[in-house]
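Q: Quick one, what's the 3D model for this:
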Amino acid sequence: MREMNPPSSRLLGFVQLRVGDRVIAVPVQAMKLAQDGGRQPGGFYAAPGELGIYVDDKANAAAVADQIRSASDEAAQHFGRRFLN
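A: Have a look, this model is predicted:
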């Protein structure tokens with residue numbers, strides 16, 4: 001999980017995660033991201049009062065799908081620890 005205060009971004013939609021008996025809608029936002037030493041940018045973020053998934057607005061559709069898939073796994077772990085423990 002990454003903590004950040006997202007800059008201006010564009011809402012792409014929502015990912016629905018089922019954690020136990022809860023369904024959680026997590027917003028997906030595209031924004032300009034700096035490349036981080038070859039690591040694929042994007043991921044789940046948590047800030048006080050704010051949760052979401054961010055993806056690189058310059059990435060192609062396949063890369064965005066990979067970023068969303070990976071970030072959804074991070075989000076599911078975050079919510080699992082929060083609600084199931």
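Q: Measure how buried Leu17 is and give me the count.
A: 17 (other CB atoms under 10 Å). Just so you know, the C-beta spots here come from the backbone N, C-alpha and C atoms, and that holds for glycine as well.
Q: pretty sure it belongs to a helix, no?
A: No: secondary structure of Leu17 (DSSP: H, G, I helix; E, B strand; the rest coil): strand, not part of a helix.
Q: Could you tell me the phi and psi values at the most centrally placed residue in the chain?
A: For the chain, Ile53 is the residue whose C-alpha lies nearest the centre (CA atoms, centre = their mean; 1.8 Å). With angles defined as degrees, to the nearest 10, Ile53 sits at phi -120, psi 130.
Q: Is it bridged to anything, and to what?
A: When assigned by DSSP bridges, Ile53 has beta-bridge partners Val28, Phe44.
Q: Report the separation between Ala75 and Gln16.
A: 11 Å (CB to CB, to the nearest Å).
Q: ditto for Ala62
A: Applying CB to CB, the value for Ala62 to Gln16 is 22 Å.
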